[in-house]
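> the sequence and its predicted three-dimensional model are supplied below.
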Amino acid sequence: MASTTCPHVTNRGLEMDLGNLMATDIDFHLTNEGENGHLSVVKLPEPKTQLPRFQPLPQPKPLTRWERYSKAKGVSNKKRSRMVWDERGQEWKPRWGYKKASKRPEDQWLVEIPDQKDPYEDYFEKAKEEKRERVAKNEYQRVRNLMRDHEGKIKAPHLLTNKGQKGGKKELNMMTNLAKVSTPSLGKFSEKVKGEPKSIRGQKRMFDPVLGDLKSEREKQLKLLETISRDKPIVNVSKAVNRFIDKKQKSL
Amino acid sequence: MRPLTVEETKIFFEKLSKFIGDNIRHLIDRQDGNYSFRLHKERVYYLNEELLTNSLSVSRKQLISVGSCFGKFTAGKKFRLHITALEYLSQYATGKVWVKSGAEQSFLYGNNVLKSGVGRLSDSISQHQGIVVFNMANLPLGFGVAAKSTQECRHSDPGTIIVLHQADIGEYIRNEDNLI
């Protein structure tokens, strides 16, 4: 680049304005798009440096069972509106979520029991149970579809659901504490880790009985009084000073 | 209901001693009966032995109050005196302030006592001492904390606060829910 033919190259050969380079280098040609006032507009060529990919290109995901079916059947993808007209309340309510318009038995506050049905059965509990069954069935089918679609590639099938797992940190702490105590001597000789409290259980407090020996109680309290008054000086300095000042002023 | 622990008794006595000083021994040791302090739902009650034995037959959940409530322990384990302790505080008070009839109303509404409202002061009150406020007919009205010592009070302007209000008998009407 540091060409001796180019008159604008400095001694160090590096300080060269791109514009000057383009303008003065004979071998360098760019299509002149025209003049814009006193400026000459030039189109720069496309960049040729190829940046390497960090990760390989993502493979197209296999279609799920539903996607395959809907494609084959030709099911249209109609978006459902968030709000639904609730006839009873005469207002627009969300289709799902907070304050939803729901006619499901598990959301009702009243269940009418027809004559034929058993009056002693808990219909609210039954509705809850049925919902739980539906949710469980749905989860089962979802996981089964995933297993079928990615056969052989799933390394941790128990992680496909989050049903069996509890709050990670909470459960971990619980299990750690249990493990500490699960020794033949109930954790008395287990290794002490620096920074950990000796026992997760708080100290059990012991109180005196409500109606114990009142005389001894009084004695203890009087003793306590003594210790409190011991901390205070016998001579109340401020009081003495005030008295002195008082006397002085009265004598004046 | 349970007796106070050593720490609780200490905090309680220290608070009391600000008002009645060494006279706490008259509360503990009495000729006319065995009186004691008991803690129930963070409140300290003063009751005699007979009342104590009778109150044992009431279950803890159903017991609302026994004897005289002196005050309660706050969440931060500090002790707060209630107006219901006034009977005993006024008997044994070390610092007393008598308030003029004009300022009496003001104090009963929860305001501080100003120099202009002070009729009489007991001698040698130190700053931050507990004060029991009386009206000119020697009726205890409430209690508070001395903002100024007697000496300072004598040389201060009529508008300065002498007693910082803590409790007054008007609370029996204003604040009856919290007093039990």
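Received the coordinates, thanks.
> any idea how many residues pack against the closest residue to B:Lys78 other than its chain neighbours?
Among residues not flanking B:Lys78 along the chain, B:Ile11 sits closest, at 7.0 Å (C-beta to C-beta, 6 or more residues apart in numbering or on different chains). Every C-beta, even on glycine, is put in place using the N, C-alpha and C of the backbone. Residues near B:Ile11, counting by other C-beta atoms under 10 Å in any protein chain shown, number 16.
> could you pull out the strands for chain B?
Secondary structure of chain B (DSSP state E): strands at B:35-40, B:43-48, B:68-73, B:79-81, B:96-99, B:113-114, B:118-121, B:130-135, B:140-146, B:161-168.
> in the third one, what's buried?
Judged by neighbour count (16 or more other C-beta atoms under 10 Å in any protein chain shown), strand B:68-73 contains these buried residues: B:68-73.
> do it and chain A meet?
No: using C-beta under 8 Å from any C-beta of the partner chain, strand B:68-73 stays clear of chain A, with a minimum separation of 13.8 Å.
> coming back round to it: possible to save the strands of chain B as CSV with mean pLDDT and distance to A:Val237?
Below are the strands of chain B laid out as CSV (pLDDT from 0 to 100; distance: least, C-beta to C-beta, whole Å):
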stretch, mean pLDDT, distance to A:Val237
strand B:35-40, 96, 31
strand B:43-48, 96, 31
strand B:68-73, 96, 29
strand B:79-81, 96, 26
strand B:96-99, 96, 21
strand B:113-114, 96, 26
strand B:118-121, 93, 19
strand B:130-135, 96, 19
strand B:140-146, 97, 16
strand B:161-168, 96, 21
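> which of those sits closest to A:Met174?
Of all the strands of chain B, strand B:68-73 sits nearest to A:Met174, with 33.0 Å by C-beta to C-beta.
> helices and strands of chain B: which one bottoms out on pLDDT?
When each helix and strand of chain B is scored by mean pLDDT, DSSP states H and E, helix B:150-154 comes last, with a mean of 88.
> which other helices and strands does it contact?
helix A:237-251, strand B:118-121 (3 or more C-beta pairs under 8 Å, 6 or more residues apart in numbering or on different chains; DSSP states H and E).
> any idea of the mean pLDDT for the first one?
By that I understand helix A:237-251. For helix A:237-251, the mean pLDDT works out to 81.
> can I get the strands of chain B in a markdown table with distance to A:Arg148?
Shown next, in a markdown table, are these (distance: least, C-beta to C-beta, whole Å):
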| stretch | distance to A:Arg148 |
| --- | --- |
| strand B:35-40 | 66 |
| strand B:43-48 | 67 |
| strand B:68-73 | 64 |
| strand B:79-81 | 68 |
| strand B:96-99 | 88 |
| strand B:113-114 | 85 |
| strand B:118-121 | 91 |
| strand B:130-135 | 80 |
| strand B:140-146 | 78 |
| strand B:161-168 | 76 |
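> and stretch B:102-118, how far out from the chain middle?
Relative to its chain's centre, stretch B:102-118 lies at 17 Å (C-alpha atoms, centre = their mean, to the nearest Å).
> between the two ends of it, how far is it?
10 Å (C-alpha to C-alpha, to the nearest Å).
> look up how far A:Lys194 lies from A:Arg65.
Distance, A:Arg65 to A:Lys194, by C-beta to C-beta, to the nearest Å: 53 Å.
> out of the helices and strands packed on helix B:150-154, which is the most enclosed?
strand B:118-121 (a mean of 16; mean count of other C-beta atoms under 10 Å in any protein chain shown).
> now do that strand: which elements does it pack against?
Counting contacts by 3+ C-beta pairs under 8 Å, 6+ apart, strand B:118-121 is packed against strand B:96-99, helix B:150-154, strand B:161-168.
> get me the contact residues on the stretch 151-252 of chain A for chain B.
Residues of the stretch 151-252 of chain A lying close to chain B by C-beta under 8 Å from any C-beta are A:207-212, A:214-215, A:217-218, A:221-222, A:224-225, A:228-229, A:236, A:238-239, A:242-243, A:245-246.
> of these, just the buried ones, PyMOL syntax please.
Applying 16+ other C-beta under 10 Å to those, the buried members can be selected in PyMOL as follows:
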select buried, chain A and resi 210+217+218+221+224+225+228+229+239+242
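> picking that back up, chain center to the least confident helix or strand of chain B, what's the gap?
Distance, centroid of helix B:150-154 to centroid of chain: 23 Å (C-alpha atoms, centre = their mean).
> circling back: right, and the helices and strands packed on strand B:118-121 - which one's nearest A:Trp96?
Per C-beta to C-beta, nearest to A:Trp96 of these: strand B:161-168, 55.1 Å.
> list the strands paired with the closest one, with their directions.
According to DSSP bridges, strand B:161-168 forms sheet pairs with strand B:113-114 (antiparallel), strand B:140-146 (antiparallel).
> tabulate the ones you listed in TSV, adding columns for mean neighbour count.
Listed next are the strands paired with strand B:161-168 as TSV, based on neighbours: other C-beta atoms under 10 Å in any protein chain shown:
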stretch	mean neighbour count
strand B:113-114	23
strand B:140-146	23
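> can you list the residues of chain B near chain A?
B:1-3, B:5-6, B:9-10, B:13-14, B:17, B:22, B:24-25, B:28-29, B:34, B:36, B:38, B:49, B:52-53, B:56, B:123-124, B:126-127, B:149-151.
> only whichever of the residues you listed are buried, select them in PyMOL.
In PyMOL, this line selects whichever of the residues of chain B next to chain A come out buried by 16+ other C-beta under 10 Å:
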select buried, chain B and resi 1+3+9+10+13+17+24+25+28+34+36+38+52+124+126+149+150+151
